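Undergrad: give me a model of this one.
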Amino acid sequence: MLSEEETLRCIRAAKAGDAAAKETLLSGNVSLLKSIVRRYLGKGVEFDDLFQLAGIGLLKAVSGFDESFGVRFSTYAVPMIAGEIKRFMRDDGSVKVSRAMKSTAKEMNRYIEDFTAEHGLAPTVADIAAKFGMEESEAVFVLGSSRMPVSIYEQGEYRDEKTQELADKLPSVDNQDDMIEKMQLRTAIEELPERERKIIMLRYFRDMTQSEVAEVIGVSQVQISRIESRVVAEMKRRLG
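TA: Predicted coordinates for the structure are as follows:
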């Protein structure tokens, strides 16, 4: 991995047209690219193709990155790289964005519009995340599920709107593996049938026993055990 100082130097050179700097950024971020690509293996796209898509996403992140906002490049790049892969797989029919996630993204956009109208400026990522009870990285991802931004520093559509959109307060902690796992887990749970989703939520997010869940659902503990085992096995298979 390149140091942050080396990364910024290469980004500046790459934006000035230095092809060697782009190659340095690609080679210096191989581990980051591979960590993201691993999440999408076994879904009908070869590793080499996924890696190439990840590289395209990285170069788009280089083009859109603005160091004046004070966030680490890797923090900014991860959603862009994952978005490039997911957009390809979604368009190719391999991955579908869940209806629940699309609905949440629509609610977020409505909140942004209402907040901006009331306060005269767009909400920060922290505001959006707090409103919808999720981490800031998840909020960026959910918004991107309906419209993956070219730059998370994109401004509003109106001529007189000069406010920041998504990146003014992104977390700077470099935990892309955890972030990607949470994103994929969230989508997988949202896509479960209602009863199965409720069982998983009660068991793993409310710490209820199988007997307690069985009482809530209205079935036997044995049935809960069978359903849980089947769903967990399927989710492990999907998430690799």
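Undergrad: centroid residue for this structure?
TA: residue 141 (3.4 Å; C-alpha atoms, centre = their mean).
Undergrad: which of the helices and strands in the chain ranks last by mean pLDDT?
TA: Least confident helix or strand, the chain: helix 176-190 with a mean of 64, by mean pLDDT, DSSP states H and E.
Undergrad: show me what secondary structure element comes after it.
TA: helix 194-204 (DSSP states H and E).
Undergrad: other SSEs contacting that following helix?
TA: Here helix 194-204 touches helix 176-190, helix 210-217, helix 221-239, going by 3 or more C-beta pairs under 8 Å, 6 or more residues apart in numbering; DSSP states H and E. Where C-beta positions appear, they are placed from N, C-alpha and C, glycine not excepted.
Undergrad: could the ones you listed go into a markdown table alongside mean neighbour count and distance to residue 101?
TA: Formatted as a markdown table, the helices and strands packed on helix 194-204 follow (neighbours: other C-beta atoms under 10 Å; distance: least, C-beta to C-beta, whole Å):
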| stretch | mean neighbour count | distance to residue 101 |
| --- | --- | --- |
| helix 176-190 | 18 | 6 |
| helix 210-217 | 16 | 25 |
| helix 221-239 | 14 | 15 |
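Undergrad: out of these, which gets nearest to residue 24?
TA: Checking those against residue 24 by C-beta to C-beta gives helix 176-190 as the closest, at 19.8 Å.
Undergrad: what does the model give the closest residue to residue 232 other than its chain neighbours for pLDDT?
TA: Nearest non-adjacent residue to residue 232, counting by C-beta to C-beta, 6 or more residues apart in numbering: residue 200, 7.9 Å away. We have a pLDDT of 88 for residue 200.
Undergrad: my guess is residue 200 meets residue 192, correct?
TA: Yes: counting by C-beta atoms under 8 Å, residue 192 is a contact partner of residue 200 at 6.6 Å.
Undergrad: okay, and the common contacts of the two?
TA: Shared contacts of residue 200 and residue 192, defined by C-beta atoms under 8 Å, 6 or more residues apart in numbering, are found at residue 231.
Undergrad: got the domain boundaries for this structure?
TA: Listed domain ranges for the chain are 4-186, 192-239 (source: automatic domain parsing).
Undergrad: winner for burial among those domains?
TA: Greatest average neighbour count among the domains of the chain goes to domain 4-186 (a mean of 17), per mean count of other C-beta atoms under 10 Å.
Undergrad: quick one: that domain to chain centroid distance?
TA: Distance, stretch centre to chain centre, for domain 4-186: 7 Å (C-alpha atoms, centre = their mean, to the nearest Å).
Undergrad: start the count at 53, not 1, going forward
TA: With 53 as the first residue, the last one maps to domain 56-238.
Undergrad: can you give me the end-to-end span of it?
TA: Using C-alpha to C-alpha, to the nearest Å, the end-to-end distance of domain 56-238 comes to 30 Å.
Undergrad: ok and whichever helix in the chain runs longest relative to helix 246-256, angle-wise?
TA: Identified as the longest helix of the chain according to DSSP state H is helix 151-171. Counting by axes from the mean of the first three to the mean of the last three C-alpha atoms, to 10 degrees, helix 151-171 lies at 70 degrees to helix 246-256.
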